[in-house]
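Chemist: This is a predicted model, with the sequence first.
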Amino acid sequence: MNDYNFGNFVCMLREKKGLTQADVASALGVTPAAVSKWENGSSKPRVEVLFRLAELLGVKPEELMAGKYLEEETELEKWKKYMKIPKLGKKGIIILLSSVLGGILIITALAVSIVFAVMNAQKNTAEYQMAYEYVVNSKAFAEAGIEEKDLRFNSYSHRTGTGANGERIYEAEYGFTVGFKKNFTVILHKSGESWYVCEDCTHFE
């Protein structure tokens with residue numbers, strides 16, 4: 001199945017950087033034809049190439065796979081909803097003032113989230129690498145007789161919540177696949193400042 005979102009995003013980022021397909025191919029050690037296939041959505045790069053492509057284009061790996069910017073876009077949509085202008089009147093003025101205050105809070109939150117996104121970019125790449133290495137070094141991967149070059153990254157999601165004791169819970173899910181036969185899902189949990197693989201949650205299908 002063609003992934004036009006991925007291809008269009010790669011093309012847009014490449015052109016924004018002022019790079020040609022040949023420039024990207026040379027930097028990553030692949031052929032210009034491979035880069036062309038990525039951009040028309042007919043194929044995706046291997047996991048290790050994906051990391052280097054994301055770094056070259058100046059985005060996070062999960063943004064590259066999603067085919068769009070993530071946190072910034074989500075916060076922008078929230079800001080637009082808060083900034084709708086209501087009809088004025090006595091109640092309208094109160095609503096307007098509340099909306100303006102809400103807008104200021106959202107803009108502040110957006111600025112903070114962008115700062116944290118920049119600070120966490122390298123950490124997110126490390127989390128991807130942790131999930132990837134867990135798969136290729138796992139017993140299930142070895143028993144499946146799969147070569148590392150055939151492994152493809154195909155999904156990412158993250159969740160936050162509050163545990164029974166009131167502590168914050170952070171969980172990230174990374175999906176890998178080989179053709180249409182094998183799926184590997186690695187779950188990472190955050191404890192303190194570090195992430196670890198949740199072996200009870202991680203599964204291979």
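Modeler: Perfect, thanks for sending it.
Chemist: Show me where the chain has its helices.
Modeler: Secondary structure of the chain, counting by DSSP state H: helices at 4-16, 21-28, 32-39, 47-57, 61-66, 71-82, 90-136, 139-143.
Chemist: Buried ones in the last one, by neighbour count?
Modeler: Applying a neighbour-count criterion of 16 or more other Cβ atoms under 10 Å, the buried positions in helix 139-143 are Phe141. (Each C-beta comes from the backbone N, C-alpha and C, glycine too.)
Chemist: Kindly report the domain assignment for the protein.
Modeler: The chain breaks down by automatic domain parsing into domains covering 4-66, 71-115, 121-204.
Chemist: Packed most tightly, which of these would that be?
Modeler: Greatest average neighbour count among those goes to domain 4-66 (a mean of 17), per mean count of other Cβ atoms under 10 Å.
Chemist: Flag the shaky bits of this structure, pLDDT-wise.
Modeler: 1-2, 71-93, 96, 108-124, 179-181 (pLDDT under 70).
Chemist: distance between stretch 31-43 and the chain's centre?
Modeler: 20 Å (Cα atoms, centre = their mean, to the nearest Å).
Chemist: Likewise for stretch 9-29?
Modeler: The answer for stretch 9-29 is 19 Å, by Cα atoms, centre = their mean.
Chemist: Go ahead and name everything in contact with that stretch.
Modeler: Around stretch 9-29, the neighbours that count as contacts under Cβ atoms under 8 Å, 6 or more residues apart in numbering are 31-32, 34-36, 38-39, 45, 49, 52-53, 56-59, 63-64, 67-68.
Chemist: could you redo the last one with a cut-off of 6 Å?
Modeler: Here stretch 9-29 makes contact (Cβ atoms under 6 Å, 6 or more residues apart in numbering) with Thr31, Pro32, Val35, Ser36, Trp38, Glu39, Val49, Arg52, Leu56, Leu57, Gly67.
Chemist: same thing with stretch 42-50?
Modeler: Stretch 42-50 is contacted from outside by Asn2, Leu28, Lys37, Leu53, Pro61, Tyr132, Leu151, Phe153, using Cβ under 6 Å, 6+ apart.
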